[in-house]
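>>> I would like the atomic coordinates for the input below:
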Amino acid sequence: MKKWIIALCLLGLSFAHIPQARAQETEIAQLLLNLEKLRQFRAILKQMKQGYEILTGGYNTVINIAQGNFKIHQAFLDGLLKVSPAVKNYKRVADIIDYQVMLVREYKAALGRFRQNGNFNADELAYLEKIYGNLFKGSLRNLDELTVVITAGKLRMSDDERLKMIDSIFEDIQDKLLFLRHFNAETDILAIQRAKEKSDSRSVQELYGITN
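Residues are numbered from 1 along each chain as shown. Prediction:
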């Protein structure tokens with residue numbers, strides 16, 4: 001009887017330890033699962049860090065390239081605002097100024113001559129003054145254009161573009177001067193014809209004794 005009692009006690013003790021063992025196994029399994037999740041999380045963080053570094057490096061590279069291109073572009077544009085000695089010393093620059101001076105001198109001389117010879121009436125003289133005035137204003141615009149082209153900081157143009165612009169201004173003021181000389185020559189011929197007509201008229205009057 002005592003043996004049976006001892007056996008039952010031992011069996012009871014064994015069953016009492018079963019829930020405790022299972023609890024320990026559960027805790028160990030959860031701990032291992034947590035460790036695996038932590039390892040995976042660390043791997044994810046590492047990948048995110050590498051991706052961020054690549055992205056940051058690429059962004060900085062793009063920024064540096066963009067800034068570099070901007071500086072190069074800005075330097076190019078600033079260079080176009082400068083005027084080289086080759087442009088400033090271009091022969092046509094002096095020619096344009098000389099032609100403007102000649103135009104003013106010649107139209108003033110012609111207008112003074114036509115006013116004095118008495119072969120043109122007031123309306124005709126007003127017409128002549130209008131023609132000369134338009135030519136003079138046009139020549140001043142040519143000088144303004146020339147000033148802009150040869151002044152630094154006014155236009156963004158290459159040397160070739162500036163030289164072509166100067167050539168264009170020269171051709172324009174040259175045309176004005178040629179027109180002025182042709183116009184003056186034609187007006188001189190008209191004045192001579194009228195003077196001759198007046199002289200012939202006076203001769204006829206003197207020949208026949210006609211008085212006004």
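
>>> Residue ranges in this structure under the pLDDT threshold?
1-80, 200-212 (pLDDT under 70).

>>> Leu163 against Asn89, yeah?
No: counting by C-beta atoms under 8 Å, Leu163 sits too far from Asn89 to count as a contact (11.2 Å). Backbone N, C-alpha and C define where each C-beta goes, glycine included.

>>> Those two: which is more packed in?
Under the criterion of other C-beta atoms under 10 Å, the comparison of Leu163 against Asn89 puts Leu163 first, with 18 against 10.

>>> residues contacting that one?
By C-beta atoms under 8 Å, 6 or more residues apart in numbering, the residues touching Leu163 are 87, 90.

>>> what helix or strand does it sit in?
Taking DSSP states H and E as the definition, Leu163 sits inside helix 159-208.

>>> same thing with Gly118?
Using DSSP H and E, Gly118 sits in no helix or strand.

>>> same deal with Asn142?
Going by DSSP H and E, Asn142 is part of helix 122-149.

>>> tell me what that helix is packed against?
In terms of contacts (3 or more C-beta pairs under 8 Å, 6 or more residues apart in numbering; DSSP states H and E), helix 122-149 is packed against helix 91-116, helix 159-208.

>>> Quick one: closest of those to Pro85.
Among the helices and strands packed on helix 122-149, helix 159-208 comes nearest to Pro85, with 10.0 Å by C-beta to C-beta.

>>> Tell me what angle that closest one forms with helix 122-149.
160 degrees (axes from the mean of the first three to the mean of the last three C-alpha atoms, to 10 degrees).

>>> quick one: Leu155 and Glu145 touch, right?
No: Leu155 sits out of contact with Glu145 when judged by C-beta under 8 Å, with a separation of 10.2 Å.

>>> how about the nearest residue to Asn184, chain neighbours excluded?
Ala110 (4.5 Å; C-beta to C-beta, 6 or more residues apart in numbering).

>>> what's near enough to touch the one you found?
Residues near Ala110 by C-beta under 8 Å, 6+ apart: 132, 180, 184, 187-188.

>>> wait, Arg194 sits on Asn119?
Yes: using C-beta under 8 Å, Arg194 is in contact with Asn119, at 4.2 Å.

>>> neighbour-wise, which of these two wins?
Asn119 (20 against 14).

>>> Between the helices and strands packed on helix 122-149, which one is closest to Thr151.
helix 159-208 (10.5 Å).

>>> what's the angle from the closest one to helix 91-116?
Going by the same axes, to 10 degrees, helix 159-208 makes 20 degrees with helix 91-116.

>>> Let me know the secondary structure of Ala152.
coil (DSSP: H, G, I helix; E, B strand; the rest coil).

>>> That one - nearest residue in space that isn't next to it in sequence?
Of all residues not flanking Ala152 in the chain, Val83 sits nearest, at 4.8 Å (C-beta to C-beta, 6+ apart).
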